[in-house]
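**Student:** structure for this input, please:
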Amino acid sequence: MPIRYRSGEVQNAIEFGHSLKSSGHLNYEAGFKGRGRNWSFDLTGYHTDVSNEIISFVQNFQTLYVNAGKTNKNGFEFFGNYAFDSGVEVGASYTYTDLKFGKLTEPLTIIGPGNQRIAINADRSGNQVPRFPEHMYFVYTTYRHPSGWHGRVETRGQSNYFIDNANTEQRGGYHFLTNLTVGYDRKHWGVMFNVQNLFDKRYAVDVSKDAAGSRTSFTPGMPRTLMGYVSYKF
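**Tutor:** Residues are numbered from 1 along each chain as shown. Take a look at the predicted model:
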């Protein structure tokens, strides 16, 4: 199926002397589901062939968009949970992702003899698509008491990922990024207290490197953050 691109990407490509083609996706997917009185699970696997996928890279502080030629995407996702009669529920999910460029040439500007700028096309075929972690997980536990008290603790993490199309460096992994929620409901009233990033971990939401490999950019994650809520249901 053809996928439309955003007008901003098209305009960006025109400004830098490139043209973009519509990307197309051919997806194969299969899965299993299980449901019981206190439990459930979902398992899904997929393979996607993408033609003319639009990718971005940074060069000289400018974000450029080009077609990647072909991209192969493989992976699977699992989610399961179990609810105990005591009011406790546990659940977990895991995602495996394998994304590779089937065919990609990346335009680069290098400094040649006599400090002359030379435009080349670097072959990135077979490399991993950057900024996609191979492994991600999520685990949670909730508890609800008949008196109205309830709580939830959840934690997640991901593996390192390549930060450039050339696959020269990996960054971005973190583990046990934990959130905690405690609340109390009584008739129409509700009070809830939430702590994001409970252990105040230092992590990056996104890490990328420019095409020349000389500059790395980090988007920091949220530090420990406390929030409180009061609600009333009419």
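**Student:** helix/strand/coil for the residue minimising distance to the centre of the chain?
**Tutor:** What sits nearest the mean C-alpha location of the chain, by CA atoms, centre = their mean, is residue 132, with 6.1 Å. Three-state assignment for residue 132 (DSSP: H, G, I helix; E, B strand; the rest coil): coil.
**Student:** in this protein, where is pLDDT below threshold?
**Tutor:** By pLDDT under 70, the low-scoring segments of the chain are 1-19, 56-64, 67-68, 211-214.
**Student:** hmm, 80 instead?
**Tutor:** Along the chain, segments meeting pLDDT under 80 span 1-23, 52-69, 105-120, 210-215.
**Student:** quick one, helices of it?
**Tutor:** Remark: helices assigned in the chain by DSSP state H are 7-15.
**Student:** quick one, longest strand in it?
**Tutor:** strand 88-103 (DSSP state E).
**Student:** elements contacting that one?
**Tutor:** Applying 3 or more CB pairs under 8 Å, 6 or more residues apart in numbering; DSSP states H and E, one finds that strand 88-103 makes contact with strand 70-83, strand 135-144. Where you see a C-beta, it was placed from the backbone N, CA and C, and this is true even at glycine.
**Student:** distance check, the residue nearest to residue 29 when sequence neighbours are not counted against residue 103.
**Tutor:** Closest residue in space to residue 29, ignoring its immediate chain neighbours: residue 46 at 4.4 Å, by CB to CB, 6 or more residues apart in numbering. Noted for residue 46: a distance of 21 Å to residue 103, by CB to CB, to the nearest Å.
**Student:** now do residue 76
**Tutor:** 24 Å.
**Student:** cool, and residue 232?
**Tutor:** From residue 232 over to residue 103 the distance is 58 Å, taken as CB to CB.
**Student:** those two: who's more crowded?
**Tutor:** Using other CB atoms under 10 Å, the more surrounded residue of residue 232 and residue 103 is residue 103, with 15 against 8.
**Student:** name whatever forms a beta bridge with the more buried one.
**Tutor:** Taking DSSP bridges as the rule, residue 103 bridges to residue 70.
**Student:** okay, now the residue nearest to residue 137 when sequence neighbours are not counted: neighbour count?
**Tutor:** In this structure, residue 137 finds its nearest non-sequential neighbour in residue 94, 5.0 Å apart by CB to CB, 6+ apart. Residues lying near residue 94 (other CB under 10 Å) number 15.
**Student:** identify the residues contacting residue 94.
**Tutor:** Contact analysis of residue 94 by CB atoms under 8 Å, 6 or more residues apart in numbering lists 77, 78, 135, 136, 137, 138.
**Student:** narrow those residues to those that are buried.
**Tutor:** 77, 78, 136, 137, 138 (16 or more other CB atoms under 10 Å).
**Student:** of the residues you listed, which is the nearest to residue 175?
**Tutor:** Distance to residue 175 across those (CB to CB) is lowest for residue 137, with 8.7 Å.
**Student:** how much space separates the nearest residue to residue 206 once chain neighbours are set aside from residue 163?
**Tutor:** Nearest residue to residue 206 in three dimensions, chain neighbours excluded: residue 219, at 4.2 Å (CB to CB, 6+ apart). Plainly put, residue 219 is 12 Å away from residue 163 if you go by CB to CB.
**Student:** neighbour count winner among those two?
**Tutor:** With neighbours defined as other CB under 10 Å, residue 219 and residue 163 compare such that residue 163 has more, 24 against 9.
**Student:** residue 204 versus the more buried one, what's the distance?
**Tutor:** Distance of residue 163 to residue 204, computed by CB to CB: 10 Å.
**Student:** what do you get for residue 66?
**Tutor:** 25 Å.
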